[in-house]
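Student: The sequence isn't on hand, but the structure is:
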């Protein structure tokens, strides 16, 4: 017998003991194995049991105790309240958290909402209030922490690719899954389970949105979670990999976050309907508030005016006459109108209770401020929501999130985008369409860079000039996106259509679509279908509407939003559309070169003149820095026109308006400016612009009609109206200013204007008389 045989059992026992002592990462099986984590997530998943205890509490005070302290013997220091109050530290400047903290005017908004609801506790409604508090903890605190962890996944994936640090986001992904699904959840069951997965199953019961025995939302979300985990586990985020992978993962996580809105929207509609149609309506109004507060902060970043109206109707106490005063149908129509911006569809939400509320129809852009496109340019028009959301994020100091939207887009879907799902302002700034513009070479030569528009925008986003305030950075980024990028993109499209019309291989279908794109990028989606647009607009149309008051050119009856110049632009788009349909290239050429381009330039000139006036006599800080917002506005309006001026005019405008803010990447010093803004005074700017638009000028601006620019009107200290025109110069008496350029005495609007049809016909005859057509 071998001498080793007697000691073999002892050796095996020792080996077994050693194996037991080796630490092994535990896993958590969620929803009967629907998702299995790679690390122990029992504590996070068990928070869903705290939600259940909150809902089951007979006394709202007990419900609040479960919220703040958790279940006895539960998660120790990890509580639902802790999730809420830790949000500012963990989530500062993340996209979704920024929107919710801003809308609620509190960094700990989720915690504030809980106590606010508790303070509204109706008498003898303890059971309802416990449910209300539990739903609030789930849809505000838990929901935002799932979102936060999904944000972390893509950033940690990118970090590992670049630096080899971290696990590529797998742990954060497991945390998101644990919070979303929770413990004790059965697959596809609404009466077993307590977290967001369960809320989705309850939504399925009401809205009949089912796939393979589960709520369709849950099928989509768990599939995306597993796909993302597989990508990470198969090395997609390994060091030295392609950083585009992190964009793909961010896209998947963005889809998850959007789908997480579906059950919240469903529950909002359910409670709105029950409040509207149930004798015990008071039982549903607190839940209307809970779910509306979980939805509307995102609506504020989709359509501000709609957010304000829904907030007025749904945040108001139930005993107020304002609560749901607009009626269920109108409120539903408004809510459904922002599904696309929330990243969801009518089919995602479904029909309520087999037709009590039918499934809605996803809208397409049928009219753009009075213009009816011939093709579907809905997605193109959504670029203005990128602008709006960047503006909001930069307002809150979230420059990195704004930069991501600028670089990669967020709202304007593009099947041709290649690297990402959306077209972006960065894409447009380097597009072939911009280079089709006859004006582009002038800008490229002046700036010494074909990507000049993006360079200016990035200075605002990245803050290379430390002397800029956050507001100035925002204005430079937003205005350069509209007046350098989109303006040139529109002109490029117009010139491309004009040239295509007379080419041998022209396609009128393609021309029609390009023409519609130009209209979409001029006005965007937020202006709406009405001819005067709306206060939500973000693009050039909105700026012209804002300036019409200052130039006495608001059309009467338009609520001071009906700009004469906007009216001409839209009329010209309609006229050009007719020319494309009729294959009338001569008329199309006139509409572009004789109307659209000059009027679009006139709008920029209004911005330049207005900001020159505002930037005069500004006071610097003790450090000789000018921090006023108007400095940034003047800077970008100047850059939008200087390349088209003759050298003398360009130098003077640059000195006064574009030299106190440096753009290091475009060749300036990067130090604070040494020039005093508007040192020569606004009158000098008006004077040189009067010369620039004269027909004898060498400037490319000589195609602009000075009367189209209008008469700048402002109030002096003695309350007398002063008018300034690049046609007439300074004139303290406005009585002799022709109607096209005259204030009605209130400084607000003109009484009459040249009709667009007469304008087009008259100008057409004039140009024909001078032999304009040389084709």
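Tutor: Now that the structure is in, tell me what you want to look at. From a predicted model like this one, the values you see are computed outputs, not experimental measurements. Numbering: from 1, shown residues only.
Student: can we go C-alpha only for contacts and neighbour counts from here?
Tutor: Fine.
Student: OK, contacts around residue 381?
Tutor: 412, 517, 520-521, 523-525 (CA atoms under 8 Å, 6 or more residues apart in numbering).
Student: quick one: low-confidence parts of the chain?
Tutor: 1-25, 73-76, 121-124, 318-319, 416-420, 660-675, 715-722, 728-775 (pLDDT under 70).
Student: what about residue 127, which SS state?
Tutor: helix (DSSP: H, G, I helix; E, B strand; the rest coil).
Student: Now do it against residue 203, distance only.
Tutor: With distances taken as CA to CA, to the nearest Å, residue 127 is found 21 Å from residue 203.
Student: Now do stretch 209-225: distance from first to last residue.
Tutor: Stretch 209-225 end-to-end distance (CA to CA) = 20 Å.
Student: buried stuff in it?
Tutor: For stretch 209-225, burial by neighbour count (16 or more other CA atoms under 10 Å) applies to 209-210, 214-222, 224-225.
Student: contacting residues around it?
Tutor: The contact list for stretch 209-225 (CA under 8 Å, 6+ apart) reads 34-35, 173, 177, 187-189, 197, 200-201, 203-204, 252-253, 256, 259-260, 262-263, 348-350.
Student: Of those residues, keep whichever come out buried.
Tutor: Listed as buried from the contacts of stretch 209-225 are 35, 173, 177, 187-189, 197, 200-201, 203-204, 252-253, 256, 259-260, 262-263, 348-350; burial here means 16+ other CA under 10 Å.
Student: biggest helix in this protein by residues?
Tutor: helix 244-277 (DSSP state H).
Student: how far is that one from where the chain is centred?
Tutor: Put simply, helix 244-277 sits 17 Å off its chain's centre (CA atoms, centre = their mean, to the nearest Å).
Student: For that helix, name the packing helices and strands.
Tutor: Contacts defined by 3 or more CA pairs under 8 Å, 6 or more residues apart in numbering; DSSP states H and E place helix 244-277 against helix 143-163, helix 196-207, helix 216-233, helix 285-299, helix 328-336, helix 346-349.
Student: can you redo the ones you listed as JSON lines with distance to residue 277?
Tutor: Listed next are these as JSON lines, based on distance: least, CA to CA, whole Å:
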{"stretch": "helix 143-163", "distance to residue 277": "29"}
{"stretch": "helix 196-207", "distance to residue 277": "16"}
{"stretch": "helix 216-233", "distance to residue 277": "27"}
{"stretch": "helix 285-299", "distance to residue 277": "12"}
{"stretch": "helix 328-336", "distance to residue 277": "10"}
{"stretch": "helix 346-349", "distance to residue 277": "20"}
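Student: returning to what we had before: for the longest helix of the chain, list every residue counted as buried.
Tutor: Buried residues in helix 244-277, defined by neighbour count with 16+ other CA under 10 Å: 245-276.
Student: Can you name the residues that contact the residue nearest to residue 462 when sequence neighbours are not counted?
Tutor: What sits nearest to residue 462 in space, not counting adjacent residues and going by CA to CA, 6 or more residues apart in numbering, is residue 399, at 7.4 Å. Listed by CA under 8 Å, 6+ apart, the contact partners of residue 399 are 393, 461-462.
Student: What's the separation between residue 173 and residue 256?
Tutor: 11 Å.
Student: right, and residue 362 touches residue 345 too?
Tutor: Yes: assessed by CA atoms under 8 Å, residue 362 is found in contact with residue 345 at 6.5 Å.
Student: the more surrounded of those two?
Tutor: Remark: of residue 362 and residue 345, residue 345 carries more neighbours, 20 against 14, as counted by other CA atoms under 10 Å.
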